[in-house]
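Participant: sequence-free structure coming up:
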Ligand SMILES: NC(=O)c1ccc[n+]([C@@H]2O[C@H](COP(=O)([O-])OP(=O)(O)OC[C@H]3O[C@@H](n4cnc5c(N)ncnc54)[C@H](O)[C@@H]3O)[C@@H](O)[C@H]2O)c1
Ligand SMILES: O=C(O)C[C@H](O)C(=O)O
């Protein structure tokens, strides 16, 4: 932000893909803003991130034919190592970073570990899309409006091991489990449907969800700049250091959070965990630990070894 001007700079390795039509379309948005928007594009991350207050990191390589999850982690990891270093070099020291490109939790971890000048708590990976999907499923099942659903946490990884939390969710201010009295539906339908939604959409359309992702990125930013209503939360994957739920430190793990609207947040400490949730949390934590081991060479940790090659694939499928 510079005075009354919002500076929007975009980084894309294929600069030409962000055509001038796109630039002009973004400029047209000026009408809806109080500030004027200056749009520019480029290919040098250090130049593009210069002085940035917010960095929305969407660019990533989609999974190609025959590519294993470990390969995806490695190839995208290298991108986020380079971009983390560039953020460290030139972004505003209090820049907030939201990583969308998959595998977004571990990409955010790599960027964070390569940008020691920026507080670790400023790095986010997008799980707001999963929260929105979970709220939508609860509203549909209960026959209520989406806006009546609150306190929906997504725990862990933005992959099929993620845990959409129905235990703490509310519908119309009441516990969701008292409104939808169907334990089997919550565990056997709701949970996998939310966790596998991204994959299902790719299967159907051959592309990642774009419109709902864009909306959820806007929601994720709004959650940080508007105070969270009393008793509610929003989900975002953030650094697990010192979290109140005993998840091991040094992961980018999705938690229920609250904000005063100042761009910062705190992890809610009043969510109830039962045995089922604990077991699910342990599985997604384990997955994130393994992903971290696979990228140890990109985060300056010695002696890590990657043992997810050939293992069951729990990432959202991408293009295979
Ligand atoms: N976290 C989420 O909820 C969520 C939701 C939807 C999509 N995604 C992920 O977001 C990413 C983008 O999805 P998409 O459908 O827009 O993909 P896309 O392939 O249409 O676009 C990716 C863009 O990234 C650019 N890019 C590739 N490498 C780059 C690099 N090193 N630096 C800068 N730009 C680079 C490409 O040129 C392309 O324009 C994917 O990884 C996708 O899996 C995440
Ligand atoms: O891009 C993907 O692999 C899917 C995406 O993360 C989504 O949840 O829609």
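Facilitator: Looks like it arrived, so ask away. None of these values were measured; they are calculated from a predicted model. Residues are numbered from 1 along each chain as shown. Ligands and ions are numbered 1, 2, ... in the order given.
Participant: near ligand 1, which residues of the stretch 201-320 of the chain?
Facilitator: 207-210, 213, 318 (C-beta under 6 Å from any ligand atom). The C-beta positions use only the backbone N, C-alpha and C, and glycine is treated the same way.
Participant: most neighbours of all those residues, which one?
Facilitator: Tallying neighbours with other C-beta atoms under 10 Å puts residue 208 at the head of those, with 21 neighbours.
Participant: distance of it from residue 61?
Facilitator: Counting by C-beta to C-beta, to the nearest Å, the separation of residue 208 from residue 61 is 12 Å.
Participant: can you check residue 159 too?
Facilitator: Distance of residue 159 to residue 61, computed by C-beta to C-beta: 17 Å.
Participant: more neighbours, those two?
Facilitator: Per other C-beta under 10 Å, whichever of residue 159 and residue 61 has more neighbours is residue 159, with 25 against 17.
Participant: minimum pLDDT in the residues of the stretch 201-320 of the chain next to ligand 1, which residue is that?
Facilitator: The pLDDT minimum for those sits at residue 318, where the score is 51.
Participant: rewinding a little: turn the residues of the stretch 201-320 of the chain next to ligand 1 into TSV, including secondary structure.
Facilitator: Shown next, in TSV, are these (DSSP: H, G, I helix; E, B strand; the rest coil):
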residue	secondary structure
207	coil
208	coil
209	coil
210	coil
213	helix
318	coil
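Participant: what parts of the stretch 1-150 of the chain come near ligand 2?
Facilitator: Contacts of the stretch 1-150 of the chain with ligand 2, taken as C-beta under 6 Å from any ligand atom, map to 102, 129.
Participant: could you pull out the helices for the stretch 1-150 of the chain?
Facilitator: With helices called from DSSP state H, counting those that start in this stretch, the stretch 1-150 of the chain shows them at 20-28, 45-48, 69-90, 104-113, 128-142.
Participant: out of those helices, which is the most enclosed?
Facilitator: helix 104-113 (a mean of 28; mean count of other C-beta atoms under 10 Å).
Participant: now what about that one, what contacts it?
Facilitator: The contact list for helix 104-113 (C-beta atoms under 8 Å, 6 or more residues apart in numbering) reads 57, 60, 73, 76-77, 79-81, 83-84, 87, 97, 99, 101, 118, 120, 123-126, 157-159, 237, 239, 250-254, 288, 291-292, 294-295, 298-300.
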